[in-house]
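Asks: no sequence on this one, just coordinates:
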């Protein structure tokens, strides 16, 4: 398979990704809550089917267009885990007529537009900011929450409950910190559930660090992680997984060597990996990826002491040891473990399995609807 | 036009981009060297034609696939300004049979493969590292340079000269620093030209900061900048251009407001802008873009004191003043000036002009050849 690689290719270890899916399904089943996996990470209809084969019926996506793409592939229950974009009201109304659709709102204006312009009912979550400081109603803004619940209930739509992305787990550095942040955030949602018990809110939340490191999900009704299907260096640094859990790697041809600096020049840059970087604890250096050896069944552990130290649009500069430098030849192909697999997958817009099968990605496979 | 925007859209100000093209053409003509614009920034056949209309005949690209894309649109002289990737030898040979092709080499292995497997001659530049520390032969490695020249001359290929990307101009903070770095780098190439005069090397170099801030290009025979067609915040910070030179902006719908933090939640994130960030001097803050008002003929100057402070996959978090906060409504569309227009263009993979015309981008328009 390596012999057919000409340009940067995103390899996915299907067996490992399926194992992650099955493990998360088993874990949430044991904990008695629903797994609603976020498909924004892989954005692939074929990988979506791996989830269907594991019993998943309800999925999360991050845009209306992505919902259309997966609805087209047969998914019937979809949550668009992004604040309702009133500029896509017509598209949302069309989707609501085809699938069981859940939406997120944070503002009375969202509900007004839904009430006025989306006839078929949707399930409406109020998005809550439990500390992630991205979007969502402040968890202590009881006045607004109560106003939003009332507005939803007065419309043809159904109040589903509270949704929160626990994005602040990404600030953790070990499993204990993840668990603490997750527990605090889940508790905030539980308090809201008690306070607004008259409306019977369901609690929906999720993030890969929490879903990976936590076993007791308390009162949550559904869990919505995405990244766990692939994992990546960021998740390793946070404490969500180990290096051998990473299920995607960018295969990059070697195009040059610089003996003075012990650097390898790769065909593989920001348009392939994304510009995401991380301070890698073991090296105490900012890296854009870690190199590994491609093998017949995937790739090796990352090479000790080596890192992708710089990237530009198409170039990668790999800092290696003298031993690695001497081993590498121009025309070799090196695996790069990505910092952030969601963004690498989006940049590459397509995959190849280790068996050589090509898998679609929404970005390349879906006609632009704007 | 704003009324038709539903999702993030990359707007290009065609008149301004054409003005940048014409200015650079006039400047290089006056200075007596050839402009070989780098098409990796726009990657668009239609924008390529704007250059053709300004008299450009010879272009730079950063990959073999991009060369195929532009060859298909009729370009006859193409330099692939990236180290020769021996895994694409067949594609390079096919291209060499169709267009006047120039390549970059840095290693004897590159030339061996070209000599053995690419029958139709190409023009071969030796890439020189003049301080950018990315790829290229060290400028003082006379032994290797001389070996490479000899190998090229013994083959059916033609030695073109020395090529260098002056990437270290990106470390500048004003025009004087750009000029100093450019001058030093050009001087290094000039020294090599003298030393290897027997081989009659041409000197090819370029970078947008240098091409913008320098007037006297010395002994250079051709200039290869790319970003100047659009510019961006990074170029403003370096000193290459001013804010009103930026010719692309991402139009982003407003999906939420957070009064406590005076933040606006945008539909527009890392998959649209790229994750490129910059320490913006005026704010002394890291930003992912600057907001501006869409107008009937483009966009306003950036709003003082406001910035895109955080992005995740699809969300942008805009920090604004109280006055802006009060003015903005859910469903509005805000222009975001990008940090790095090459990566934003690559992430968006398509444009719309202010007149509403859709322009292709290589990434979306070209069939994957791997």
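Replies: It's in. From a predicted model like this one, the values you see are computed outputs, not experimental measurements.
Asks: Flag every residue of the stretch 101-250 of chain A that's near chain B.
Replies: Within the stretch 101-250 of chain A, the positions near chain B by Cβ under 8 Å from any Cβ of the partner chain are A:106, A:107, A:109, A:110, A:129, A:133, A:134, A:135, A:138, A:167. The way it works is simple: take the backbone N, C-alpha and C, and place the C-beta from them, glycine included.
Asks: Show me the strands in the stretch 201-350 of chain A, by range?
Replies: A:202-206, A:222-223, A:248-258, A:263-267, A:278-280, A:285-287, A:289-295, A:298-299, A:307-311, A:315-319, A:333-338 (DSSP state E, counting those that start in this stretch).
Asks: mind checking the backbone torsions on residue A:120?
Replies: The phi/psi pair for residue A:120 (degrees, to the nearest 10) reads phi -70, psi 140.
Asks: Can you pick out the ones from the residues of the stretch 101-250 of chain A next to chain B that are in helices?
Replies: A:109, A:110 (DSSP state H).
Asks: want to try JSON lines for the residues of the stretch 101-250 of chain A next to chain B, with pLDDT as columns?
Replies: What follows is these, written out as JSON lines (pLDDT from 0 to 100):
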{"residue": "A:106", "pLDDT": "98"}
{"residue": "A:107", "pLDDT": "98"}
{"residue": "A:109", "pLDDT": "98"}
{"residue": "A:110", "pLDDT": "98"}
{"residue": "A:129", "pLDDT": "97"}
{"residue": "A:133", "pLDDT": "90"}
{"residue": "A:134", "pLDDT": "92"}
{"residue": "A:135", "pLDDT": "95"}
{"residue": "A:138", "pLDDT": "96"}
{"residue": "A:167", "pLDDT": "91"}
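Asks: Of all pairs in the residues of the stretch 101-250 of chain A next to chain B, which one is the farthest apart?
Replies: A:109 and A:167 (23.6 Å; Cβ to Cβ).
Asks: who has more neighbours, the two?
Replies: With neighbours defined as other Cβ atoms under 10 Å in any protein chain shown, residue A:109 and residue A:167 compare such that residue A:167 has more, 21 against 16.
Asks: Would you confirm that the more buried one contacts residue B:313?
Replies: No. Using Cβ atoms under 8 Å, residue A:167 makes no contact with residue B:313, being 10.7 Å away.
Asks: mind giving me the domain ranges of chain A?
Replies: As assigned by automatic domain parsing, chain A contains the domains A:2-9+A:242-362, A:33-231.
Asks: To residue B:344, which of these lies closest?
Replies: Here domain A:2-9+A:242-362 is closest among the domains of chain A (Cβ to Cβ), at 10.9 Å.
Asks: Let's verify residue A:140: helix, strand, or coil?
Replies: coil (DSSP: H, G, I helix; E, B strand; the rest coil).
Asks: picking up where we left off before, turn the domains of chain A into CSV, including distance to residue B:290.
Replies: Shown next, in CSV, are the domains of chain A (distance: least, Cβ to Cβ, whole Å):
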stretch, distance to residue B:290
domain A:2-9+A:242-362, 18
domain A:33-231, 19
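Asks: Skip the chain neighbours and tell me the closest residue to residue A:154.
Replies: residue A:115 (7.5 Å; Cβ to Cβ, 6 or more residues apart in numbering or on different chains).
Asks: and stretch A:287-299, which residues are buried?
Replies: Using 16 or more other Cβ atoms under 10 Å in any protein chain shown as the test for burial, stretch A:287-299 gives A:287, A:288, A:289, A:290, A:291, A:292, A:293, A:294, A:298, A:299.
Asks: How about stretch A:34-51?
Replies: Applying 16+ other Cβ under 10 Å to stretch A:34-51 flags A:34-48, A:50-51 as buried.
Asks: measure residue A:51 to residue A:104 for me?
Replies: Using Cβ to Cβ, to the nearest Å, residue A:51 is found at 21 Å from residue A:104.
Asks: Can you tell me which helices and strands the helix ranked longest in chain A packs against?
Replies: Longest helix of chain A, by residue count under DSSP H: helix A:175-195. Applying 3 or more Cβ pairs under 8 Å, 6 or more residues apart in numbering or on different chains; DSSP states H and E, one finds that helix A:175-195 contacts strand A:123-129, strand A:158-165, strand A:202-206, helix A:208-213.
Asks: quick revisit: out of the buried residues of stretch A:34-51, list just those in helices.
Replies: A:45, A:46, A:47, A:48, A:50, A:51.
Asks: So which of those is the closest to chain B?
Replies: Nearest to chain B among these, counting by Cβ to the nearest Cβ, is residue A:46 at 15.5 Å.
Asks: which residue packs closest to that closest one, ignoring adjacent ones?
Replies: Using Cβ to Cβ, 6+ apart, the nearest residue to residue A:46 is residue A:359, at 4.5 Å.
Asks: Would you confirm that that neighbour contacts residue A:9?
Replies: No. Residue A:359 is beyond contact range of residue A:9, at 11.3 Å (criterion: Cβ under 8 Å).
Asks: Same drill for those two, tell me which one is more crowded.
Replies: Neighbours per residue, other Cβ under 10 Å: of residue A:359 and residue A:9, the larger number sits with residue A:9, 24 against 21.
Asks: Contacts only, for that one.
Replies: A:250, A:251, A:348, A:352, B:370 (Cβ atoms under 8 Å, 6 or more residues apart in numbering or on different chains).
Asks: Tell me if I'm right that the first one and residue A:290 touch.
Replies: No. No contact is recorded between residue A:250 and residue A:290 when judged using Cβ under 8 Å, the distance being 11.0 Å.
Asks: so what's in contact with the two at the same time?
Replies: Contacts common to residue A:250 and residue A:290, judged by Cβ under 8 Å, 6+ apart, are residue A:336.
Asks: Look up the closest residue to the residue of chain A most remote from its centre, ignoring the ones flanking it.
Replies: Of all residues in chain A, residue A:260 has its C-alpha farthest from the mean position, at 39.2 Å, by Cα atoms, centre = their mean. The shortest distance from residue A:260 to any non-neighbouring residue, by Cβ to Cβ, 6+ apart, is to residue B:138 (5.9 Å).
Asks: Tell me, how many residues neighbour the one you found?
Replies: 17.
Asks: Then residue A:150?
Replies: Residue A:150, neighbours per other Cβ under 10 Å, totals 14.
Asks: partners of residue A:250 in the sheet?
Replies: residue A:10, residue A:336 (DSSP bridges).
Asks: how close does it get to chain B?
Replies: 12 Å (Cβ to the nearest Cβ, to the nearest Å).
Asks: same deal with residue A:192?
Replies: 17 Å.
Asks: In this structure that residue contacts residue A:139, no?
Replies: Yes. Using Cβ under 8 Å, residue A:192 is in contact with residue A:139, at 6.5 Å.
Asks: higher neighbour count, the two?
Replies: Using other Cβ under 10 Å, the more surrounded residue of residue A:192 and residue A:139 is residue A:192, with 23 against 18.
Asks: Show me what the closest residue to the more buried one other than its chain neighbours bridges to in the sheet.
Replies: For residue A:192, ignoring the flanking residues on the chain, the nearest one in space by Cβ to Cβ, 6+ apart is residue A:162 at 5.5 Å. Residue A:162 forms beta bridges with residue A:126, residue A:203, as assigned by DSSP bridges.
Asks: Stretch A:275-288 spans what distance, first to last residue?
Replies: Taking Cα to Cα, to the nearest Å, stretch A:275-288 runs 7 Å from one end to the other.
Asks: any idea of the mean pLDDT for that stretch?
Replies: Averaged over stretch A:275-288, pLDDT sits at 96.
Asks: got a list of contacts for that stretch?
Replies: Contacts for stretch A:275-288 (Cβ under 8 Å, 6+ apart): A:233-234, A:237, A:273, A:290, A:305, A:307-311, A:316, A:338-340, A:343-344, B:270, B:274-276, B:340, B:343.
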